[in-house]
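Trainee: Build the 3D model from these lines:
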Amino acid sequence: MEIVLGRIKLPPSLICRALKTCDLSILKPDLVISLNGMCPSEADVKLVLEYNGDRSALGAPEKFVEEISKIP
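Mentor: Next up is the predicted model:
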């Protein structure tokens, strides 16, 4: 997940906002294909959401999981 997020070069918050609003100026086909393989499991989401430490210390994958878990 970290390699893909590094290649995308967009912050997790922007990716998730684009998903929520179906922003096609951001959601290009190659991005959607990359994201398709990165859906976190329920266990991944639970681990990240239960983390009680400094949120700024989270890596890109954890921040992505945190943001994507907010999408209904």
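Trainee: which element is the closest residue to residue 70 other than its chain neighbours on?
Mentor: With sequence-adjacent residues excluded and distances taken as Cβ to Cβ, 6 or more residues apart in numbering, residue 70 is closest to residue 16, at 6.7 Å. No exception for glycine: its C-beta is placed from N, CA and C like everyone else's. Take DSSP states H and E as the rule and residue 16 turns out to sit in helix 12-21.
Trainee: could you check the distance from the residue most central in space within the chain over to residue 70?
Mentor: Centrality entry for the chain: nearest residue to the mean C-alpha point is residue 64, 2.8 Å, by Cα atoms, centre = their mean. Residue 64 sits 11 Å away from residue 70, going by Cβ to Cβ, to the nearest Å.
Trainee: intersection of neighbour lists for those two?
Mentor: Both residue 64 and residue 70 are contacted by residue 16, under the criterion Cβ atoms under 8 Å, 6 or more residues apart in numbering.
Trainee: Give the closest residue to the residue nearest to the centre of the chain in space, chain neighbours not counted.
Mentor: Nearest one to residue 64, counting by Cβ to Cβ, 6+ apart, is residue 12 at 4.0 Å.
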